[in-house]
Structure formats: structure tokens, C-alpha cells
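Trainee: Here's my sequence, what's the structure:
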Amino acid sequence: MYAVILAGGKINPGNELFAESRGLPKSMIEIVGKPMIQWVIDAANLANSVERIIIAGLDDISSLKSEKPVAHFPDQGGILENLAAAADFILKEVPGTEYFLSISSDIPLITDEIIEAVISENQESGFDVFYNIVEQNVMETAFPGVKRTYMKFRDGRFCGADMHVMSTKTIQKLINLGFVQFRKRPFKLISMAGPGIILRMLFYPLSLENAEKVTYRKAGIRGKVNVSRYPEIAMDIDTLQHLEIVRKKLVERIMHG
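Mentor: You can find the predicted model right below:
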């Protein structure tokens, strides 16, 4: 499977991570001796199911290292545009490829074991998107005090992850819907299925299964929700708090071998 690592976008001066970025893209912020994206690349290199890596959104990858073949292209203007360019590249290289793995460059705590698990748990054919989520208790147990956005379903409270399996043929649907831009704004995502859904979610939350059905009926997206046991895939670095938590975890990992 191709692994598409999303690495586009620079940090604005008003962002609290700007000083850490030194004017470089967010994916190049140094964490324990190497850019955060390098940790993601290293995990992808160790994952047997990943055959090739695409880095989407970086102009220069000369400082990055990979044992597996790497293709890259500059930022196409947004996450979905980068995914669309990656899907086009994949289909030109290997026509008929059904799925690829999308990974954000700002989840450096992932490992090859986690990548393999996500791929194996999202293999069923016929879906447009396999959308991974993590339960609040799992996140807060792994990362005490971490601030994340959670949404309530009948099955529990969850936050969106940053690693998903996507169909190469469904990106244009997602572009038209603005799906990925709102992935961190769960009520906006739900409202895309109709304004009445917001009220229903407030007073009588949907089950995850019913949310899948509503999304298909209203938006034409056949999505499959996967509740992951790996909080690392939802520990993306958006704030200084997140950065310090991740740095501490990686230092502990190195010290314990």
C-alpha cells in the first residue's frame, strides 16, 4: 500500500508554534533530534505493508531519509488538493489501485505496529473512507491532561484521528463536500448531513453505525468508522502543550529502548 504523508502548510506568526517552526513548514519542527515528519517516515519504512511513500506538500525533502522509494510534490493549496494529487500519482503508477493510507506528518508517536494495525483493520472493500476515531478515555489515559475536541455518540465520546485509509477514486467527492477541512470540527461535519442532525446529536446522539448510514444517505459517502485502540494516531501536534507531551513521550521511548 502507498503511504501518503501530508506535510503541507506553514505556521503563521500568530500561532504559538511559530517560534518552534523557525519559518519552516510545521512538519519540519524538530523533535528529539529530527523533524517530526522523519519520525513518521521512519515508522512507514518499518511497516511491511507500506511499499512506497508519497510526501505531499513539501518543496524540499533533501534533508529527509527513507529506505523505501519516496515521491514528493509541493503544496497543492490544501489537504484535499494534496490528497487528490497523490491519488492521481498512484493511479498513474499502478492503475487500478483501490486504496491508500493517509497519514498526517504531525503524529510522530506512531510506530510500524500501529500502521500495520490501521491497515489491517481497514481492509473491507466497497467503502470510500475508513475513518479512524479514538475514545476519550483511551486518549486521556495515554495523555493525561491533553486538550482535544470530542464528540458524543451513543457509543461514547470520540476524537478524530489523523491516519485513515482512503479510496483513490473518492477524493473529488470529498473536495466537493469539504470533508477533510472540517475533520477537526465534528459538528460541522455532522451538519453537512442536514441542519436537523445537529439538534438530534445534541439531544439524542446517533450511534456510530447510524452516523455511517446518515452520511451515505445525505452525502453519498460510504464511510466506515473504526474505533482505534491506538491513541497515538490522534495525538497530532496543534499546540505547545501537544508538542511538549510528544517530546516527553519520545524521550521516554528512546530511554527504554
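Trainee: C-alpha only now, for contacts and for neighbours.
Mentor: Noted.
Trainee: Any stretches of the stretch 51-200 of the chain with poor pLDDT?
Mentor: 172, 175-200 (pLDDT under 70).
Trainee: which residue is nearest the middle of the protein?
Mentor: Nearest to the geometric centre of the chain sits Asp162, at 2.0 Å (Cα atoms, centre = their mean).
Trainee: Would you check how far apart it and Ser120 are?
Mentor: 16 Å (Cα to Cα, to the nearest Å).
Trainee: What ranges does the stretch 151-257 of the chain have for its helices?
Mentor: 171-177, 186-191, 195-203, 208-219, 240-255 (DSSP state H, counting those that start in this stretch).
Trainee: any idea how far the spatially closest residue to Asp88 that is not a sequence neighbour is from Val94?
Mentor: Using Cα to Cα, 6 or more residues apart in numbering and skipping residues adjacent in sequence, the residue nearest Asp88 is Thr168, 7.7 Å away. Here the criterion is Cα to Cα. By it, Thr168 lies 11 Å from Val94.
Trainee: Of those two, which one has the most company?
Mentor: Using other Cα atoms under 10 Å, the more surrounded residue of Thr168 and Val94 is Thr168, with 23 against 10.
Trainee: by contact count, what packs against the helix or strand where Ser102 lies?
Mentor: Element membership for Ser102, per DSSP states H and E: strand 99-104. Under the contact criterion of 3 or more Cα pairs under 8 Å, 6 or more residues apart in numbering; DSSP states H and E, strand 99-104 touches strand 2-6, strand 163-167.
Trainee: now the angle between strand 99-104 and the first one, please.
Mentor: Okay, so that is strand 2-6. 30 degrees (axes from the mean of the first three to the mean of the last three Cα atoms, to 10 degrees).
Trainee: again, but for the last one
Mentor: Strand 163-167 and strand 99-104 are oriented at 150 degrees to each other (the same axes, to 10 degrees).
Trainee: Which strands or helices does strand 163-167 pack on?
Mentor: strand 99-104, helix 112-121, strand 129-135.
Trainee: The same query, at a cut-off of 6 Å, please.
Mentor: Applying 3 or more Cα pairs under 6 Å, 6 or more residues apart in numbering; DSSP states H and E, one finds that strand 163-167 makes contact with strand 99-104, strand 129-135.
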